[in-house]
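S.K.: Quick one, fold the following:
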Amino acid sequence: MIKLRASRVELARLCPMSMRPGGVQSTSEPARMGTAVHAALAEYVMNRPFEFAHVAGQNGVSDLEELRILFNCGVSILKQLREDYGLFNDCWVEVYSQCSIEQVLALSGHADVMEVAREDAKTIHLLDWKTGRERKTSYDQLATYAYLILHDERLASAGIEEVVPITAWIRDREIEIGAAFTRENLDEWLKAMLADLNRDVFCPGHHCTFCPYNHTCEALNNKNKSALAIFRDLNPAEMTPAELAPIIAARWDELRHLEAKIKEVKDLVKEQVKERGSLPTSIGHKLVMETRQRKRWNDDELDEMLIKDGWTILDCDSCRSYDSKAVLESIKARAKQDKEKIGDAVKLFLEEAEECGALSYKETQALTEIKDV
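M.R.: Numbering: from 1, shown residues only. Coordinates of the predicted model:
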């Protein structure tokens, strides 16, 4: 029997061979951060005391500041759901369910947050936290959770008929409420899902990044080699943009493959540079890890400062972002409108923000090439 977690269903549908037993289950800093944020929010939802350092240590997370920021964003979303929608005031967290299908497939999953709707005892509200920087479809994951819930004997006996999925995009502090899952539409989803899983084929694509076989998959390696050959033979200097763009667009999937592979290799190089201090390059330079200052905006203090300076709530919303570039662009636009010197306005704004705690700096390390003198 094949065992498949809810979080892996989409990958399995895209490439059925990713389900075969074995493989190397690798992890990453973003994945570990996501797990840590989920753990901290579960404690908060259940009103249980916890320490960020302990949660970070348990999940192999080193960036305590980012963990706190993402946690606070999740708390903000939960408060909005409770205050504006009256949801998740009496709920469960990390609810585990499993079931077998046709003695061939065993589905399982942990739902992040669940509650029975107060206004309709036949409905379950399902909240799924998302901590990734890039928004990706999670329909199959949510459908799996819903299928498990509606086929749970305990809930079935309670008369539960539908599951309403709610996705919380933590970094964007946005909520997405999906259409309700019912037994009828889930039966159709299950048929399509099983048909996809029954294909005996390799289907390499951008999803290979998350596959436990991506280091040994022959189909993926062949696709990467093919992509390298395609782009190696291109000579952009001899082509106009109008000629080059359609060729690149037609090979967009291969390009994404190469980007993922290059990132993977660069991450390996970073680890070696951290361990050794530096690595020589083929042109007499060397690679080192350079310490840089990265801006961190503290939303509550930033809002307070902007409102005090005469900004409206709408202005604050347009300015709120983890990306300091977005904040500074808002300041520049405002300075231009007020006919101020942009450089002076930005400098003054940063100084004021730092003084009141709206802006802080964090040291980060970046891979840098320097001359070996």
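S.K.: count of neighbours near the nearest residue to His285 once chain neighbours are set aside?
M.R.: Among residues not flanking His285 along the chain, Glu369 sits closest, at 5.2 Å (Cβ to Cβ, 6 or more residues apart in numbering). (C-beta placed from N, C-alpha, C; glycine too.) Here the number of neighbours of Glu369 (other Cβ atoms under 10 Å) works out to 13.
S.K.: Against which helices or strands is the one helix or strand Glu369 maps to packed?
M.R.: Counting by DSSP states H and E, the element that carries Glu369 is strand 359-371. Applying 3 or more Cβ pairs under 8 Å, 6 or more residues apart in numbering; DSSP states H and E, one finds that strand 359-371 contacts helix 252-276, strand 285-297, helix 342-355.
S.K.: Redo the ones you listed as JSON lines? Include distance to Ile170, mean pLDDT and mean neighbour count.
M.R.: As requested, these are exported to JSON lines (distance: least, Cβ to Cβ, whole Å; pLDDT from 0 to 100; neighbours: other Cβ atoms under 10 Å):
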{"stretch": "helix 252-276", "distance to Ile170": "23", "mean pLDDT": "82", "mean neighbour count": "13"}
{"stretch": "strand 285-297", "distance to Ile170": "16", "mean pLDDT": "85", "mean neighbour count": "15"}
{"stretch": "helix 342-355", "distance to Ile170": "23", "mean pLDDT": "83", "mean neighbour count": "14"}
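S.K.: before we move on, back to that, mind listing what the residue nearest to His285 touches?
M.R.: With contact set as Cβ atoms under 8 Å, 6 or more residues apart in numbering, Glu369 has these partners: 281, 285-287.
S.K.: Which of the three states applies to Arg133?
M.R.: Put simply, Arg133 is coil when judged by DSSP: H, G, I helix; E, B strand; the rest coil.
S.K.: Does it touch Arg171 like I think?
M.R.: Yes: taking Cβ atoms under 8 Å as the definition, Arg133 is a contact partner of Arg171 at 6.2 Å.
S.K.: neighbour count winner among these two?
M.R.: Arg171 (17 against 8).
S.K.: pLDDT-wise, which helix or strand of this protein ranks last?
M.R.: Here the helix or strand of the chain ranked lowest by mean pLDDT, DSSP states H and E is helix 313-319, holding a mean of 60.
S.K.: Toward the C-terminus, what is the element adjacent to that helix?
M.R.: helix 324-337.
S.K.: list the buried ones in that next one?
M.R.: 327-328, 330-332, 334-335 (16 or more other Cβ atoms under 10 Å).
S.K.: ditto for stretch 146-161
M.R.: Quick answer for stretch 146-161 (16+ other Cβ under 10 Å): 146-152, 155, 160.
S.K.: any chance of these in CSV, plus distance to Met19 and pLDDT?
M.R.: Below are the buried residues of stretch 146-161 laid out as CSV (distance: Cβ to Cβ, whole Å; pLDDT from 0 to 100):
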residue, distance to Met19, pLDDT
Ala146, 21, 95
Tyr147, 17, 94
Leu148, 18, 94
Ile149, 23, 92
Leu150, 23, 91
His151, 21, 88
Asp152, 23, 85
Leu155, 27, 74
Ile160, 29, 86
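S.K.: quick one: pLDDT of Met33?
M.R.: For Met33, the pLDDT comes out at 92.
S.K.: and the stretch of helix or strand Ala106 belongs to, how far out from the chain's middle?
M.R.: In this structure, Ala106 sits in strand 105-116 according to DSSP H and E. What separates the centre of strand 105-116 from the centre of its chain is 19 Å, taken as Cα atoms, centre = their mean, to the nearest Å.
S.K.: Tell me which other helices or strands it touches.
M.R.: strand 2-5, helix 29-45, strand 92-101, strand 123-130, helix 139-150.
S.K.: closest one to Ser360 among the ones you listed?
M.R.: helix 29-45 (18.9 Å; Cβ to Cβ).
S.K.: List the buried residues in that closest one.
M.R.: 32-45.
S.K.: Over to stretch 182-202?
M.R.: Those would be 186, 189-190, 193, 196-197, 202, for stretch 182-202 by 16+ other Cβ under 10 Å.
S.K.: now these as JSON lines including distance to Met239 and pLDDT?
M.R.: Shown next, in JSON lines, are those (distance: Cβ to Cβ, whole Å; pLDDT from 0 to 100):
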{"residue": "Leu186", "distance to Met239": "50", "pLDDT": "95"}
{"residue": "Trp189", "distance to Met239": "45", "pLDDT": "94"}
{"residue": "Leu190", "distance to Met239": "48", "pLDDT": "93"}
{"residue": "Met193", "distance to Met239": "43", "pLDDT": "91"}
{"residue": "Asp196", "distance to Met239": "39", "pLDDT": "88"}
{"residue": "Leu197", "distance to Met239": "42", "pLDDT": "85"}
{"residue": "Phe202", "distance to Met239": "33", "pLDDT": "77"}
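S.K.: Just the closest of those residues to Asp140, please.
M.R.: Closest to Asp140, out of all of the buried residues of stretch 182-202 and judged by Cβ to Cβ, is Met193, at 7.1 Å.
S.K.: host element of that closest one?
M.R.: helix 183-197.
S.K.: Direction-wise, compare that helix with helix 139-150 and give the angle.
M.R.: Orientation of helix 183-197 against helix 139-150 (axes from the mean of the first three to the mean of the last three Cα atoms, to 10 degrees) gives an angle of 130 degrees.
S.K.: Moving C-terminal from helix 183-197, which element do we reach first?
M.R.: helix 218-232.
S.K.: Asp84 and Trp92: what is the separation?
M.R.: Separation of Asp84 from Trp92 (Cβ to Cβ, to the nearest Å): 21 Å.
S.K.: Comparing the two, which shows the higher neighbour count?
M.R.: Set Asp84 next to Trp92 and count neighbours by other Cβ under 10 Å: Trp92 wins out with 15 against 9.
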